[in-house]
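1. here you go, sequence then predicted model.
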There are 2 protein chains.
Amino acid sequence: MPSSSPAAAQTVHVTLDDGGGYPIEIGAGLLASIGAHPALTHPALRSAAAMIVTNTTVAPLYAEALAAALRPPYAQVHTVALPDGEAHKDWPTLNLVFDALLGHGCDRKTVLFALGGGVVGDMTGFAAACYMRGVPFVQVPTTLLAQVDSSVGGKTAINHPLGKNMIGAFYQPKLVLCDLATLATLPAREVSAGLAEVIKYGPIADMDFLAWIEAHVGALRAGDHAALAHAVRRSCEIKARVVGQDEKEAGLRAILNFGHTFGHAIEAGLGYGEWLHGEAVGCGMVMAARLSARLGLVDDAFVARLVAIVERAGLPVRAPRIDARDNPGRYLALMRVDKKAEAGEIKFVLIARPGEAVVRGAPDALVREVIDASCA
Amino acid sequence: MPSSSPAAAQTVHVTLDDGGGYPIEIGAGLLASIGAHPALTHPALRSAAAMIVTNTTVAPLYAEALAAALRPPYAQVHTVALPDGEAHKDWPTLNLVFDALLGHGCDRKTVLFALGGGVVGDMTGFAAACYMRGVPFVQVPTTLLAQVDSSVGGKTAINHPLGKNMIGAFYQPKLVLCDLATLATLPAREVSAGLAEVIKYGPIADMDFLAWIEAHVGALRAGDHAALAHAVRRSCEIKARVVGQDEKEAGLRAILNFGHTFGHAIEAGLGYGEWLHGEAVGCGMVMAARLSARLGLVDDAFVARLVAIVERAGLPVRAPRIDARDNPGRYLALMRVDKKAEAGEIKFVLIARPGEAVVRGAPDALVREVIDASCA
């Protein structure tokens, strides 16, 4: 699947509020040389032990290669493979990581490596945040979604039966290594899901990037390393810039949730796992753009352009009816329990003008019209 | 039990690495006016909802008074009472807090109030650190141990079956309110346990304070408000100074664990709950002082002075035999799994000279001599 087009390794530097930061390394075939990365050989990170946290799908593909690449610098490299899927993003599964760490006698200098997609990254990051009140961790995302979305921002979490990502921490990695070669084993449907979060950065921050995506969406879906490298780098750059201005999500950072308010309602309404997160976000962006148009912020041509690229990325643009009697009240009810909601008011991320987002409320009647139009 | 000696409210300001900080208010009868405290009426902390987290022992004594004092400023004040005791400092019990928060639809501005001893404070702080990736919390410690020890430092945690306090976070409260009047309901044995952590600050940091404790130990055990206020204030001041230099426990802060390495071995060896934490620390300080003397750091008169004040505080000075065949190997084995241990080497907090602590290793043979002498 990946083409042979060359792609030199690229680096995005993420700067944090406390003055620190970490590098995101992007390139094909980086996994094999991770052990020599300066971030790991730095005295502050030197440790006898590393723990690879992965899942049962990714483990057979890349866990042994990563373990081999980590000896040296680590005398002991342990691996724990969690059951795969959002359904296991819970406390009992997280506890398997703590069981493994304590079972191996891992101390507070042990470095955790998240090898997998967003769920593995979120859980490993939260385990690292909590184990002995904080151990270092490294992200090795193996899905496009995780490479463009989870690499920046330090959001870690597990789900609670009453809500998604309700229990977590802001906790930053020491290094993110995006090996584009690992995307070769990613199903096409998951590549498309990842593209949703890539497309997102256009309307909220960079219309030139949207034009670039429009010109390269074929290459991206075909696994071209040079195209993927640019998409991952630019996405990480934009996210890093936004997060850098609002590390703890006080305000601005919420624009990164463009498409997510409608998207979360779709995911919750259909039952998690029915649509992939990226698919729900793709459709959610179309809905949020339509709401922006109805509020007079953007024109219909902008909406049509977004619909076209979402569709070309292989993502759904028609919203599912999540209520048996076609009642849009279910969407509204689900959006009201979103973490962004305040005192019951839904906060939508809308497009103020192409390339710029705004967070605001909207009249229920308008939202219902958008839902009706999007389900049609 | 509390005398009628007057004690004006006193404040200790804790400064944090990030430039922020919080006040510790110390005085008798402060609970009733907590709702008017500037820390809670500050716009950044304004919220519709407060959640009091307490336990089934403390709830009947003070939960209703605290709830009443919190309306206003909060429109809704919820309470969750956890089962009492270290045995419940675990995930299933912590999850009761998340269940309550989500069940009441609490958003990320909800303020948590920890009402109880160290276990309630540690669990509430950790729940606050994790709920929606962090909500504000306030400590209202109702034991002497919690007032002098948990008010400063931001350590929060729960236990894992394989280790105490293994899962947690550094997370700071917005306000600590030490109402000395709540100590009136504290059993004498727990007052003594709290005094262990008060005495601790003498040998590691302030021998004048140790002399003051020697002169006032009777008043402290009798619940005199003026004496308690001074003891709590001075303890918090010293701890705040030490923590301020080392918020994340990189080095210096470890001196606050004077008595805790031996103490944790006693607790774990006897089974948690057999001795109170403060009792184990009291005896542990005697053992650590003896080890300091054997290493030539302090003289026998210093050890005798420490033994005398620990005993006068109502604490045990003779170590328990925690192995059936009187084999000191069990102490060493338990101390080797301490969080401070690095690559299996036990780090002891010792007294370099009266009023100054040092963290270092010691030959096993010397440690065995101290254990033998202390069990005799």
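-> Now that the structure is in, tell me what you want to look at. Residues are numbered from 1 along each chain as shown, chains lettered A, B, ... in the order given.
2. who in the stretch 1-150 of chain A is up against chain B?
-> A:18, A:48, A:91, A:95, A:98-99, A:102-103, A:105, A:107-109, A:129-134 (CB under 8 Å from any CB of the partner chain). Placement of C-beta: from N, CA and C, glycine included.
3. rerun that using 10 Å as the cut-off
-> Contact residues (CB under 10 Å from any CB of the partner chain) of the stretch 1-150 of chain A with chain B: A:17-18, A:44, A:47-49, A:91-92, A:94-95, A:98-99, A:101-103, A:105, A:107-109, A:126-127, A:129-134.
4. same question for the stretch 151-300 of chain A.
-> A:154-158, A:160-163, A:165-171, A:248-250.
5. let's see which of those end up in strands.
-> Counting by DSSP state E, those place A:155-158, A:160, A:163, A:165-170 in strands.
6. and those residues as TSV, adding neighbour count and pLDDT?
-> Output for these, formatted as TSV (neighbours: other CB atoms under 10 Å in any protein chain shown; pLDDT from 0 to 100):
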residue	neighbour count	pLDDT
A:Lys155	22	94
A:Thr156	28	96
A:Ala157	21	96
A:Ile158	22	97
A:His160	19	93
A:Gly163	16	84
A:Asn165	18	91
A:Met166	20	94
A:Ile167	25	97
A:Gly168	23	97
A:Ala169	20	97
A:Phe170	19	94
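7. separate out the buried members of the residues of the stretch 1-150 of chain A next to chain B.
-> Applying 16 or more other CB atoms under 10 Å in any protein chain shown to the residues of the stretch 1-150 of chain A next to chain B, the neighbour count classes A:47, A:49, A:91, A:94, A:98, A:101-102, A:107-109, A:126-127, A:129-134 as buried.
8. now the nearest residue to A:Ala313 once chain neighbours are set aside: how far from B:Gly105?
-> Closest residue to A:Ala313 apart from its sequence neighbours, by CB to CB, 6 or more residues apart in numbering or on different chains: A:Leu195 at 4.2 Å. For A:Leu195, the distance to B:Gly105 (CB to CB, to the nearest Å) stands at 35 Å.
9. so chain A: which segments form each domain?
-> With domains defined by automatic domain parsing, chain A comprises A:10-185, A:189-375.
10. need the distance between the two termini of the last one.
-> Counting by CA to CA, to the nearest Å, you get 22 Å between the two ends of domain A:189-375.
11. for stretch A:316-330, same thing?
-> From its first residue to its last, stretch A:316-330 covers 20 Å (CA to CA).
12. one more: stretch A:12-23?
-> 6 Å.
13. any idea of the mean pLDDT in that stretch?
-> What stretch A:12-23 shows for mean pLDDT is 89.
14. for stretch A:124-134, same thing?
-> Mean predicted confidence for stretch A:124-134 is 97.
15. then stretch A:64-71?
-> Mean predicted confidence for stretch A:64-71 is 96.
16. buried stuff in that stretch?
-> A:66-67, A:69-70.
17. ok, which pair from those residues is furthest apart?
-> A:Ala67 and A:Ala69 (7.3 Å; CB to CB).
18. picking up where we left off before, nearest to B:Leu256, of the domains of chain A?
-> Taking those one by one with CB to CB, domain A:10-185 is closest: 14.4 Å.
19. all good on my end, thank you.
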